[in-house]
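S.K.: Okay, structure incoming, though there's no sequence with it:
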């Protein structure tokens, strides 16, 4: 007698796939899920991209699939978007960005920008940031309509766009905005909290951010001014023919190019053919196209990238011209130069800061316009705003492209590791090089720690041993490249004083250092270079009057310790003023002597920047280091070494020193 629970399994061959044409249940489930989301049912061909995750996915997909002819008629709107993480130091960046978009000079009247919201013409930025505390992320948009200059006020356009977005996304949005009129194209900066109306993380589908939002804005502008007429479209296309930048005509030429790189000049439409022929002739003059036979052209390889770079250069030249014109500085177009940090032969740029601005407001990319001693005006991309300390107009600076080659410490680490089975420690270092000190070896450990935090290119074991791979130097270069993307150059402030101020000051100025240097920067007898030459001549006369130089056989002879005398003079004068303010005695620290106390603040002198270190009864002034900025108010100690100092921060035992 058999029980209902009894069964007799029928075994097949090991690894049998079952009957012919059969499918595993898991495969059937995957195929069904793929069909449910609009796939083909073939799991091998389905690819999950995540583009439809989030609110507005369906709307974004529909808007992205609109009829191209209808879109061609629509008014054009450019929208740049960015998602910012607020964790960690993100809120500090959010505060800085909010201050930036409300800065002076962005309205038509040159006034500070006014923050507004859905219902208030004057929104409270501080309250918006307080509401954002704890948010995972923040959305930032820049909305620029081609016809933006035709609007007397951009607020209604922005509010209608945000209201339409709320409908598409199915939630209320917490946002603030500022309108900017300081460029040729009025635009609006919009900040949106990363929370929906229920307090959950707001996830917006990629299709909606990349296409849907732009299409909605274009709809609104087209309703206001009507669709673009044939005359407007044709006029814009005619203007594109002679432009030295990537245009819609170029994109169509590239699309029509065959596998051999050839493209025809003919088109069914007579007007389109005239545009095509005119553009090809322009590209030939630029050296980017060649006519092989009548009606048959070959486009230069990398055409799009070349034209894109040419457009960027044109925008830079316009920026330089605008900034120089605002300073009433006369320069010819041949005197404009653009520093390329990636060029290994690029020389440092030394000169006076004319202006600092943003080349990309959304990505926080800044630039400097520097009036150089070589008589030329230079445009310098300095990267992210926080990567370079403030550089007010009139400061004299040296700008040097960042070197991404491995340093001496990197090569030493690689050598020690190669001799010790890929391991590095301070003990192994000292054994490898008996002349090295423990303090010197610690600088190598700090370098490895910095690389580990940024790229994870090295591994540290729990016992403190570092595992160094044979391609360590390649990993170091990748680390340096990652830093160079945020800060492609090093901006060294040579003087915060103008040339006129330096002529009569009692400190060791940049002019003095140039006068006594064996490798003084050559200055051209034009532009800022001529101003430097004239200021140096006046400074020489001041030094002679002060007994720090004298004329001898048609040349100027400077005292051997002139810079030290000037530095001590200025320190004594400023220290006396600070002593009266603080009620403390000033103590001068000499080389080899210890420095200990509380780091109070920095003091900017003509001779350089100094740190004010205070004890209970006295204070001293010692050379400043940028790394000290984040340690103000802490206990510091160190040893003076010539004109520098080796710092130790905090009271903790074993705390790392700053050489």
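M.R.: Perfect, I can see it now. The model shown is predicted, which means the values in this text are computed figures rather than measured ones. Numbers count the residues shown, from 1 in each chain.

S.K.: residue ranges for the strands of the stretch 351-500 of the chain, please.
M.R.: With DSSP state E, counting those that start in this stretch as the criterion, the stretch 351-500 of the chain has strands at 365-372, 377-384, 396-401, 423-424, 459-460, 466-467, 489-495.

S.K.: Save those as CSV, and put in mean pLDDT and mean neighbour count too.
M.R.: The way it works is simple: take the backbone N, C-alpha and C, and place the C-beta from them, glycine included. As requested, these are exported to CSV (pLDDT from 0 to 100; neighbours: other Cβ atoms under 10 Å):
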stretch, mean pLDDT, mean neighbour count
strand 365-372, 90, 24
strand 377-384, 90, 21
strand 396-401, 93, 21
strand 423-424, 94, 22
strand 459-460, 90, 13
strand 466-467, 93, 19
strand 489-495, 92, 19
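
S.K.: would you list these in TSV and tack on distance to residue 168?
M.R.: Below are the strands of the stretch 351-500 of the chain laid out as TSV (distance: least, Cβ to Cβ, whole Å):
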stretch	distance to residue 168
strand 365-372	30
strand 377-384	33
strand 396-401	45
strand 423-424	55
strand 459-460	47
strand 466-467	51
strand 489-495	42
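
S.K.: Tell me which of those sits nearest to residue 198.
M.R.: Residue 198 sits nearest to strand 377-384 of all these, at 34.4 Å, using Cβ to Cβ.

S.K.: Show me what the closest one is packed up against.
M.R.: If you count contacts as 3 or more Cβ pairs under 8 Å, 6 or more residues apart in numbering; DSSP states H and E, strand 377-384 packs onto helix 303-326, strand 336-338, strand 349-360, strand 365-372, strand 396-401, helix 472-486, strand 489-495.

S.K.: follow-up on the earlier one: of all the strands of the stretch 351-500 of the chain, which one is nearest residue 604?
M.R.: strand 489-495 (9.3 Å).

S.K.: Tell me which strands the closest one pairs with, and in which orientation.
M.R.: strand 396-401 (antiparallel) (DSSP bridges).

S.K.: just to revisit the earlier point, comparing the helices and strands packed on strand 377-384, which comes out most buried?
M.R.: strand 365-372 (a mean of 24; mean count of other Cβ atoms under 10 Å).

S.K.: List the contacts of residue 536.
M.R.: 511, 514, 515 (Cβ atoms under 8 Å, 6 or more residues apart in numbering).

S.K.: rerun at 6 Å
M.R.: With contact taken as Cβ atoms under 6 Å, 6 or more residues apart in numbering, residue 536 is in contact with residue 511.

S.K.: How about residue 141?
M.R.: Here residue 141 is in contact with 79, 81, 190 (Cβ under 6 Å, 6+ apart).

S.K.: try 7 Å this time
M.R.: By Cβ atoms under 7 Å, 6 or more residues apart in numbering, the contact set of residue 141 is 79, 80, 81, 190.

S.K.: what's across from it in the sheet?
M.R.: The residues listed as beta-bridge partners of residue 141 by DSSP bridges are residue 81, residue 190.

S.K.: Check what pLDDT the nearest residue to residue 150 once chain neighbours are set aside gets.
M.R.: Among residues not flanking residue 150 along the chain, residue 225 sits closest, at 6.7 Å (Cβ to Cβ, 6 or more residues apart in numbering). We have a pLDDT of 89 for residue 225.

S.K.: Could you do residue 309 as well?
M.R.: Note on residue 309: pLDDT of 90.
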